[in-house]
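A.B. asks: just coords:
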């Protein structure tokens, strides 16, 4: 290459410069985008606040409206009900079952009536079955205005003519209760 031959040098095209008073299209877009972001962020914050208030009013507050007296009442009802349902002797089984029905409601009442008539009473009288239940621990799991669930830990001692030596079993029971007027009645009784 000779000194006379030079490579072309790329030079940027010459554009008209705009005055500083009028921003370019790119600058106008940039300035609008943060405003949109702030608007979207504000809308999302408002939506989150509405959602939090709705959840508080529908899920959290109804549980807080139930006081300690109600929690104690459902725990006591579940404990006494479990002892009444699970404790009997051959001589008292019929009266115990009849009395226990007064503590029950709904489908569980129907089930208990049928089960005790067909299984418990005949077995207790024919095989001299006697049971004694005690609640070793109890606590409310969920207490609402008209329904409750209580977890019980029950010890049950059983004797019979075939097994005169007492056999003790420990069971945990999930007791569901339903309010009926001023009283709580057992609507579910599920050993775990």
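C.D. replies: Received it, and whenever you're ready, just let me know what you need. Predicted, not measured: the structure shown is a model, and the values here were computed from it.

A.B. asks: so which residues of the chain form helices?
C.D. replies: Shown for the chain, the helices assigned by DSSP state H span residues 25-55, 61-64, 68-86, 93-101, 106-115, 121-127.

A.B. asks: report the inter-axis angle for the fourth one versus helix 106-115.
C.D. replies: Going back to what we said before, that points to helix 93-101. If you take axes from the mean of the first three to the mean of the last three Cα atoms, to 10 degrees, helix 93-101 sits at 170 degrees to helix 106-115.

A.B. asks: okay, the angle between helix 93-101 and helix 68-86?
C.D. replies: 160 degrees.

A.B. asks: so what's the one residue sitting closest to the centre of the chain bridging to?
C.D. replies: Centroid check for the chain by Cα atoms, centre = their mean gives residue 142 as the closest residue, at 6.6 Å. Taking DSSP bridges, one obtains residue 149 as the residues bridged to residue 142.

A.B. asks: thinking again about what came up before, which among the helices of the chain is found nearest to residue 186?
C.D. replies: Nearest of the helices of the chain to residue 186, taken as Cβ to Cβ: helix 68-86 at 4.8 Å. Quick note: C-beta positions are derived from backbone N, CA and C, even for glycine.

A.B. asks: which parts of the closest one are buried?
C.D. replies: Within helix 68-86, the residues scored as buried using 16 or more other Cβ atoms under 10 Å are 70, 73-75, 77-79, 81-86.

A.B. asks: now do the closest residue to residue 86 other than its chain neighbours against residue 117, distance only.
C.D. replies: Counting by Cβ to Cβ, 6 or more residues apart in numbering, residue 133 is the residue found nearest to residue 86 once chain neighbours are left out, at 3.7 Å. Separation of residue 133 from residue 117 (Cβ to Cβ, to the nearest Å) stands at 20 Å.

A.B. asks: between these two, which one's more packed in?
C.D. replies: residue 133 (21 against 12; other Cβ atoms under 10 Å).

A.B. asks: beta partners for the more buried one?
C.D. replies: When assigned by DSSP bridges, residue 133 has beta-bridge partners residue 156.

A.B. asks: so who does it touch?
C.D. replies: Residue 133 makes contacts with 82-83, 85-87, 154-157, as judged by Cβ atoms under 8 Å, 6 or more residues apart in numbering.

A.B. asks: want to throw the residues you listed into a markdown table with distance to residue 49?
C.D. replies: Shown next, in a markdown table, are these (distance: Cβ to Cβ, whole Å):
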| residue | distance to residue 49 |
| --- | --- |
| 82 | 45 |
| 83 | 49 |
| 85 | 48 |
| 86 | 50 |
| 87 | 53 |
| 154 | 46 |
| 155 | 50 |
| 156 | 52 |
| 157 | 57 |
